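*Asks:* next input, structure requested:
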Amino acid sequence: MGLLKEKWFVSWDSDPAQRMMRSKKSRDEQIADADLTWSANQGTWTYVTPDSLLLKSKYNPQRFLHTFPGGVAAYLRLMRDNFGVRFMVMLTSVYFGVKGFIWRFGATNGQLFYFRYLGINSNDYAAYRVAAMAPWSMKAFIGAIADSMPFLGFHKRSYIVAVSSFGVIGAIGLAAFDLDASKVKVATLFFLFLNLQMAVVDLLTEGKYAEIMSHRPKTGGAVVSWVWSVYLTANLLATVIIGLMVEHGYTREMYWAVVPFSMQVLIPVIIGYFPELRLPPHKRGFNWGLVKTNRNFFSLALLMAVGSVIMTICNLELNDDWKSLLAVAVVLSAVLCTTSLLLLPKVLGKSIVYLFLSSALYVDISPALNYFYLADDSCVPGGPHFDSTYYNIYVGIMESLAGILGVTLFHAVMNGWHFRPTFWVTVVLRCAAGMFDLIMVKRWNKDVNIPDKVMFMMGATIVYNVAYMMEFMPSVVLISKLCPKNVEATVYALLAGFSNFGQAIAGTIGLAMLESFKIDLSPSSPSNATDTGSSNDDGGPTCEYSALPKLIIIFNMVLPLLSIPLTFLLIPDLRLTDKSPDFVDPTGGESLAMDDREWRDSDDDGLDDDNKPLLEQQSSGGKTGSRGSLYSTNELTDISAVLMEDNTEYSSSGSASA
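*Replies:* Residues are numbered from 1 along each chain as shown. A predicted model of the protein is given here:
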């Protein structure tokens, strides 16, 4: 208490707040209740008032964030005092510069228009897209490797630098080389580099801020709000740039804009803004003990990575052989689901299998739908013929707003529901969104004089994205309740990997079905088109989409409904608000959580001085307390926003239907 008496002040330094707090409690009582944290800017110990006082203050950011400028200023002070300016800069660099901005170029709209620029047809685009997104399905394995094998003395910083170098190469390659259809695999490799950077940087950064959140529970979801704010801002900026550049014919050159955003993350990492200390030489070897202790989770992560590599190769080499593609997808799905049930705790394994199957059952035919909506009159006579400005800018903005609406509706309407009916309703809503695609492909909306842009905005953009977010939110809450103790972060990495792998399976099956039903739309085609397709000079089909309505009905409206009866077999009969069941810790008390590595290996907890007290001053006392549950259910629900980002690789692309 000597330090407390020598230096004491309230970080919320506005006079009204201080007057309010003095009127409620004496100075000594406030000191006794205060939380100790380290101020990165001032280099002094700072005391932050408890939630009970902040809730009464008009400067509380969680209640009055809409009040300008006071609410915003209070929120920024909260972030500064609990996370430090340097870590805020690091978060902004990652979620604005890397994942927020590069995402639109490397994974969604920019990727779509680049492959069209190369002259790639819809089916080939579907295959190369799955291959380019492979790193997202390998997040669990990448996290396990980073956790068990430090690179140049770091578990995170060196990996971020390494993968960022690949991202820079990918951006320069796409911008500098005038590739054509014969070099499409080179372009796919460049896109894979961009996605590798995004996936790994996102994974390692979210692990760090999730750790800090767990030790600063009174900050609530403040850091998640910061992440989402900068992410959505960069997303919208990238959407506008892509729309304008494509509209003016600079589809290849627009990737020069990605280069500085890909490079900038190296600066805060190299100068030490990422809170991680370098391990001493005797602790830099491969941690076999960690692998043995968590062998079930390592095995499952490795299996998922191998499956992702196999599927990538098959999509690149067997994209014309739909039977082989379908067989590979089915076999990989069966192996992964069976292994999950064998290696994971029973209820958890069944729930993750359900989430995987629900993603895989929504077969991804969006490449064909994207090409249909963008095709000119020579390929799709009388079609929507959306321009790049509408498809990139306006649709992208409405997607973001629809996602926010979906999360809001979930919390407002479904918060007290049972899990099973929650999934029933959201699955039905998602299938209903497919009706809008069917109406547009059949051109029924023209019969009742509904413009194409209005119909597309209502259905494929708003209804689908609202339903998608409403379906994913209960998934995150379910896993947070079923996580065995000490392995929460690992299970969440597996969840993200399972969801992404399920969507990759859906993309592979979708490609197989497009080939099977002879769907083929090209970015440009001759003018002698028919209502069901067009023919080239030799009489062969160039744009064929007569079976597209049938695929929409089967794979986007009917097949996903099979996940409803699966809820009775795989989803526990719990309410979203029920307490978490008790499970036996399968790991013997040692966690694969990426940030636990630093707790065990460093006397300084793997953090720099800005964040060191965040671990030392847990409310439970001690460095790691009882090492029971690393995150509470509420904290995991806050972190669900992170996983929603991970789970949109194949859905938030400005596409008709994911």
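
*Asks:* in stretch 426-440, what's buried?
*Replies:* Buried residues in stretch 426-440, counting neighbours by 16 or more other CB atoms under 10 Å, are found at 426-427, 429-431, 433-434, 436-440. The C-beta positions use only the backbone N, C-alpha and C, and glycine is treated the same way.

*Asks:* among those, which are in strands?
*Replies:* When the buried residues of stretch 426-440 are checked against strands using DSSP state E, none is located there.

*Asks:* make TSV out of those and add distance to residue 460 and pLDDT.
*Replies:* Formatted as TSV, these follow (distance: CB to CB, whole Å; pLDDT from 0 to 100):
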residue	distance to residue 460	pLDDT
426	17	88
427	17	91
429	13	88
430	11	88
431	13	90
433	6	87
434	9	88
436	6	91
437	6	92
438	11	93
439	10	93
440	8	92
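
*Asks:* inside helices: which ones of these?
*Replies:* 426-427, 429-431, 433-434, 436-440 (DSSP state H).

*Asks:* return the distance of the host helix or strand of residue 403 from the chain's centre.
*Replies:* Using DSSP states H and E, residue 403 sits in helix 395-413. From the chain centre to the centre of helix 395-413 is a distance of 15 Å (CA atoms, centre = their mean, to the nearest Å).

*Asks:* before we move on, what about stretch 157-173?
*Replies:* On CA atoms, centre = their mean, the centre of stretch 157-173 falls 19 Å from the chain's centre.

*Asks:* what comes into contact with it?
*Replies:* The contact list for stretch 157-173 (CB atoms under 8 Å, 6 or more residues apart in numbering) reads 98, 102, 105-106, 146, 150-152, 186-187, 189-194, 196-198, 200-201, 204-205, 255-256, 258-259, 262-263, 265-266, 269-270, 274, 276.

*Asks:* dump the one helix or strand residue 454 maps to to CSV, restricted to CA.
*Replies:* Assessed by DSSP H and E, residue 454 sits inside helix 452-456. The C-alpha trace of helix 452-456 is given here as CSV (Å, rounded to 0.1, in the frame of the first residue of the first chain):
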residue,chain,number,x,y,z
ASP,A,452,-33.1,-6.6,-60.0
LYS,A,453,-31.1,-4.4,-57.7
VAL,A,454,-33.9,-4.1,-55.2
MET,A,455,-34.6,-7.9,-55.2
PHE,A,456,-30.9,-8.8,-54.9
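
*Asks:* the next helix-or-strand element following it vs helix 395-413, what angle?
*Replies:* The helix or strand immediately downstream of helix 452-456 is helix 464-482, counting by DSSP H and E. Angle, helix 464-482 to helix 395-413, by axes from the mean of the first three to the mean of the last three CA atoms, to 10 degrees: 50 degrees.

*Asks:* which elements pack onto helix 464-482?
*Replies:* Contacts defined by 3 or more CB pairs under 8 Å, 6 or more residues apart in numbering; DSSP states H and E place helix 464-482 against helix 346-361, helix 395-413, helix 419-442, helix 488-516, helix 633-646.

*Asks:* quick one, which of these is nearest to residue 135?
*Replies:* Of all the helices and strands packed on helix 464-482, helix 488-516 sits nearest to residue 135, with 9.1 Å by CB to CB.

*Asks:* so which bits of that closest one are buried?
*Replies:* So, applying 16+ other CB under 10 Å, buried residues of helix 488-516: 488-515.

*Asks:* out of the contacts of stretch 157-173, which end up buried?
*Replies:* Taking 16+ other CB under 10 Å as the criterion, what is buried in the contacts of stretch 157-173 is 98, 102, 105-106, 146, 150-151, 187, 189-194, 196-198, 200-201, 204-205, 255, 258-259, 262-263, 265-266, 269, 274, 276.

*Asks:* the longest helix along the chain: how far from the chain's middle?
*Replies:* In the chain, with assignment by DSSP H, the single longest helix is helix 184-215. Relative to its chain's centre, helix 184-215 lies at 10 Å (CA atoms, centre = their mean).

*Asks:* who does the helix or strand just after it touch, helix- and strand-wise?
*Replies:* From helix 184-215 onward toward the C-terminus, using DSSP H and E, the following helix or strand is helix 222-247. Taking 3+ CB pairs under 8 Å, 6+ apart as contact, the helices and strands that helix 222-247 lies on are helix 70-83, helix 85-92, helix 99-106, helix 109-117, helix 184-215, helix 388-389, helix 395-413, helix 633-646.

*Asks:* mind redoing it with 6 Å?
*Replies:* If you count contacts as 3 or more CB pairs under 6 Å, 6 or more residues apart in numbering; DSSP states H and E, helix 222-247 packs onto helix 99-106, helix 109-117, helix 388-389, helix 633-646.

*Asks:* what's the local residue count around residue 454?
*Replies:* A total of 10 residues lie near residue 454 under the criterion other CB atoms under 10 Å.

*Asks:* give me the nearest residue to residue 156, chain neighbours excluded.
*Replies:* residue 204 (4.3 Å; CB to CB, 6 or more residues apart in numbering).

*Asks:* pretty sure the one you found is touching residue 155, no?
*Replies:* No: using CB atoms under 6 Å as the test, residue 204 is too far from residue 155 to be in contact (8.0 Å).

*Asks:* hey, which helix or strand in this structure has the poorest pLDDT?
*Replies:* helix 612-616 (a mean of 32; mean pLDDT, DSSP states H and E).

*Asks:* quick one: residue 185 from residue 311, how far?
*Replies:* Going from residue 185 to residue 311 by CB to CB, to the nearest Å gives 16 Å.

*Asks:* no, scratch that, I was asking about residue 512
*Replies:* 12 Å.

*Asks:* residues near residue 553, how many?
*Replies:* The number of residues near residue 553, taken as other CB under 10 Å, comes to 16.
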